[in-house]
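Undergrad: next input, structure requested:
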Amino acid sequence: MIMSTDGLPDTSPTATPWAVAFDLDDTLAESFQPPSDEMMHRLSALLKQLPLAIVSGAKFERIKSEVLDRLVDEPHISNLFILADNAAQGYTYSDTGWKLAYTNEFTLAEQTHIETIIRDIVAENDILGPNPKYQPELLKDPTQLRYAALGLDALEDDKKNWDPDMSKRRKLQKLLHARLPECEVSIGGKTTIDITRKGINKAFGIKWLSERLGFAPSEMLYIGDALYEGGNDAVVIPTGIQTRSVTSPSDTAKIIDELLAR
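TA: The predicted model follows:
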């Protein structure tokens with residue numbers, strides 16, 4: 001079996017896939033940052049050749065601001081699908097703009113319950129450690145709650161050094177799983193934990209995309225940085241989709257260049 005640069009199984013495609021799905025943070029862009037102009041040029045070039053999807057823990061409004069608004073003149077924009085909030089929401093493009101294709105939302109009472117559990121667990125357990133530079137943030141949307149241990153504005157090097165062995169995030173994930181069995185709890189970026197409804201995750205999004213496009217998952221490729229056990233990308237592996245594990249946008253750029261060259 002081929003191994004990726006981080007030692008993970010890598011089902012590198014032997015033939016050009018019929019569609020490609022990308023994670024966003026630490027895959028198409030640095031964490032909580034917009035993609036570079038060079039990455040946008042690559043996406044535009046690939047979009048001319050086959051359907052693409054962005055499958056991300058980010059909410060749609062952020063993806064629209066950082067990615068979609070920079071593709072307004074792209075003639076093949078209808079080939080792009082957005083599966084936001086870890087695929088809790090799906091968006092498609094038509095002549096009238098971006099439309100919500102489906103959504104899976106928490107009730108307000110459920111959101112409040114989840115928020116209380118998160119805050120209790122963090123307060124009761126020494127998970128985060130002393131961190132005078134940054135304050136954690138809880139990002140709340142009807143479809144997903146996202147706990148960012150260093151907030152949104154931490155420097156990239158600080159994010160990389162905060163939990164390099166994932167021990168803090170794995171501990172928090174385990175505790176949340178025990179208290180929230182009705183939810184999906186996954187490790188997102190370098191400092192985040194994502195929570196969605198049970199069964200609503202990126203695998204759900206890949207299956208929806210497969211049915212929408214009429215391609216088997218095995219005919220598609222998924223590119224992401226969190227394909228490790230417990231990562232929010234790893235759930236796509238059982239769908240049978242081909243995967244490529246990356247550690248940075250520069251890795252992703254190389255894979256896109258490979259695809260464009262085929």
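Undergrad: how many residues are close by Pro75?
TA: The number of residues packed near Pro75 is 10, by other C-beta atoms under 10 Å. Yep, even glycine has a C-beta here, placed from its N, CA and C like the rest.
Undergrad: and it, how far from Thr196?
TA: Distance of Pro75 to Thr196, given as C-beta to C-beta, to the nearest Å: 33 Å.
Undergrad: okay, now Trp173: neighbour count?
TA: Wrong residue type there; residue 173 is Gln, not Trp. 19.
Undergrad: for it, phi and psi?
TA: Phi and psi for Gln173, reported as degrees, to the nearest 10, are phi -60, psi -50.
Undergrad: now stretch 122-138, how far from the centre of its chain.
TA: Its chain's average C-alpha position is 23 Å from that of stretch 122-138, according to C-alpha atoms, centre = their mean, to the nearest Å.
Undergrad: for that stretch, the averaged confidence score.
TA: Averaged across stretch 122-138, the pLDDT comes to 80.
Undergrad: list the buried residues in it.
TA: Going by neighbour count (16 or more other C-beta atoms under 10 Å), the buried part of stretch 122-138 is Val122, Ile127, Leu128, Tyr134, Pro136, Glu137, Leu138.
Undergrad: next one: stretch 142-162
TA: 142-151, 154, 159, 162.
Undergrad: try stretch 216-230
TA: Across stretch 216-230, burial judged by 16+ other C-beta under 10 Å covers Pro217, Glu219, Met220, Leu221, Tyr222, Ile223, Gly224, Asp225, Ala226, Leu227, Tyr228, Gly230.
Undergrad: turn those into CSV, including secondary structure.
TA: Converted to CSV, the buried residues of stretch 216-230 look like this (DSSP: H, G, I helix; E, B strand; the rest coil):
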residue, secondary structure
Pro217, helix
Glu219, helix
Met220, strand
Leu221, strand
Tyr222, strand
Ile223, strand
Gly224, strand
Asp225, coil
Ala226, coil
Leu227, coil
Tyr228, coil
Gly230, coil
